[in-house]
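Undergrad: Next one to model:
(one chain, ligands or ions: 1)
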Amino acid sequence: MEKAEILGLKRTAKELRKAIIDIVYKAQSGHPGGSLSEIDMLVALYFSRLNVDPKDPKGKGRDKFVLSKGHASPGLYAVLAEKGFFPKKELDGFRKIGSMLQGHPELATPGIEYAGGSLGQGICFAVGLALAGKLDKSKAKVVVMIGDGEAQEGAVWEASMAAHFHKLDNLIAILDKNQVQETGRTEEVMAIDPAAEKWKAFGWNVAEINGHDMGQVVDALGRAWSMQNGKPTMIVSNTVKGKGVSFMELNHKFHGKAPNEEEYKKAIAEIEAIDVEKFG
Ligand SMILES: Cc1ncc(C[n+]2csc(CCOP(=O)(O)OP(=O)(O)O)c2C)c(N)n1
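TA: Below is the predicted model:
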């Protein structure tokens, strides 16, 4: 991909970081930390890779993205709105009664493929989608994102074993390894490392990247897309929970907490000051 295109993706990610803070601030509820860590990857997926059409969200042969860590919906909603799946003004209704944008994604919302929330289940669902794709001889990809805290769920490993057994090379998983879960550092709560070696032992192709370096993200997705060796691919995406807002970074208190007015202003100012050329 051209340098200018990568820069464009970085600029979009910067704008959507602001949108995440805005969404959660207006609702005074939601999960900023895991949304800020995933956003570079989501922008690269939706604006450089996924074959999806906002005018035909249920189109035949489309790629499917499953946000298994469904609580990080502000990041996904910001990307879907930017892509044109629904008007941006819907973002103001986040977590409000009657809104199409609930705290955890719902299937009635355009662009949503999986009603996530109960951790560990999205990757199981994605394995089913990928298996169905193989039976249909579809060329489409299934991409699933899980959290590092989520990877403590036993079902993740059962799904990983099944994906290898069924030779699902149409399945790409992304581990948003942002180092922090709800109650503290994943390493201290229950370490999942060595994560890359674990998925290798489960028979997956594994790539490990800096998930905030747009060049690395785009490269890893390109390689994952071209894999046709009968194995699923895991991208271990090393990220920082709360990335881009100093007082949210690696701070589990902002896992599921909205900023107050002062914090909101500070967060927006910090994001506006991001130099996209140096970010990552
Ligand atoms: C089965 C299940 N148990 C507990 C929860 C509550 N919960 C929501 S988010 C979260 C922490 C997830 O951590 P991680 O996967 O690292 O997410 P991220 O840091 O990316 O936000 C927990 C325990 C849940 N949603 N589902």
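Undergrad: same question for the lengthiest helix in the chain, mean pLDDT?
TA: In the chain, with assignment by DSSP state H, the single longest helix is helix 3-27. Helix 3-27 shows a mean pLDDT of 97 in the predicted model.
Undergrad: Which residues belonging to it are considered buried?
TA: Buried residues in helix 3-27, counting neighbours by 16 or more other Cβ atoms under 10 Å, are found at 6, 8-10, 12-14, 16-27. In this view, the C-beta of every residue, glycine as well, is placed from N, C-alpha and C.
Undergrad: where exactly do the strands run in this structure?
TA: Counting by DSSP state E, one finds strands in the chain at the ranges 64-67, 142-147, 171-177, 205-210, 233-238.
Undergrad: Format those as JSON lines; extra columns: mean neighbour count.
TA: Output for the strands of the chain, formatted as JSON lines (neighbours: other Cβ atoms under 10 Å):
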{"stretch": "strand 64-67", "mean neighbour count": "24"}
{"stretch": "strand 142-147", "mean neighbour count": "28"}
{"stretch": "strand 171-177", "mean neighbour count": "29"}
{"stretch": "strand 205-210", "mean neighbour count": "19"}
{"stretch": "strand 233-238", "mean neighbour count": "25"}
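Undergrad: between the ones you listed, which one is nearest to the ligand?
TA: Nearest of the strands of the chain to the ligand, taken as Cβ to the nearest ligand atom: strand 142-147 at 2.1 Å.
Undergrad: Show me what the closest one is packed up against.
TA: Contacts defined by 3 or more Cβ pairs under 8 Å, 6 or more residues apart in numbering; DSSP states H and E place strand 142-147 against helix 33-44, strand 64-67, helix 122-135, strand 171-177.
Undergrad: Residues touching the shortest one, excluding its own?
TA: Contact partners of strand 64-67, identified using Cβ atoms under 8 Å, 6 or more residues apart in numbering, comprise 45-46, 50, 52, 73, 76, 105, 113-114, 116, 122-123, 125-126, 129, 140-145.
Undergrad: Check the third one too.
TA: Helix 122-135 is contacted from outside by 64, 66-70, 113-114, 116, 140, 142-146, 155-156, 158-160, 162-163, 166-168, 170-171, 173, 232, using Cβ under 8 Å, 6+ apart.
Undergrad: In this structure residue 204 contacts residue 159, no?
TA: No: look at residue 204 against residue 159 with Cβ atoms under 8 Å: they stay out of range, at 11.3 Å.
Undergrad: interface residues of this structure facing the ligand?
TA: 31, 33-34, 37, 69, 71-72, 117-120, 147-150, 176, 178, 180-182, 241, 255 (Cβ under 6 Å from any ligand atom).
Undergrad: one more time with 5 Å
TA: Neighbours of the ligand within the chain, by Cβ under 5 Å from any ligand atom: 34, 69, 71, 118-119, 147-150, 178, 181-182.
Undergrad: Can I get the buried part of those as one ChimeraX selection?
TA: Selecting the buried subset of the residues of the chain next to the ligand in ChimeraX, with 16+ other Cβ under 10 Å as the burial test, is done by:
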select :34,69,71,119,147,148,149,150,178,181
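Undergrad: State the pair within the residues of the chain next to the ligand that is farthest apart.
TA: 118 and 178 (19.5 Å; Cβ to Cβ).
Undergrad: picking up where we left off before, and the strands of the chain: which comes nearest residue 86?
TA: Closest to residue 86 of the strands of the chain is strand 64-67 (Cβ to Cβ; 15.6 Å).
Undergrad: Could you list the paired strands of the closest one along with their orientation?
TA: With DSSP bridges as the test, strand 64-67 is paired with strand 142-147 (parallel).
Undergrad: quick check: mean pLDDT across the strand it pairs with?
TA: Rounded mean pLDDT across strand 142-147 is 98.
Undergrad: Give me the distance from it to the chain's centre.
TA: Here strand 142-147 shows a centroid-to-chain-centroid distance of 7 Å under the convention Cα atoms, centre = their mean, to the nearest Å.
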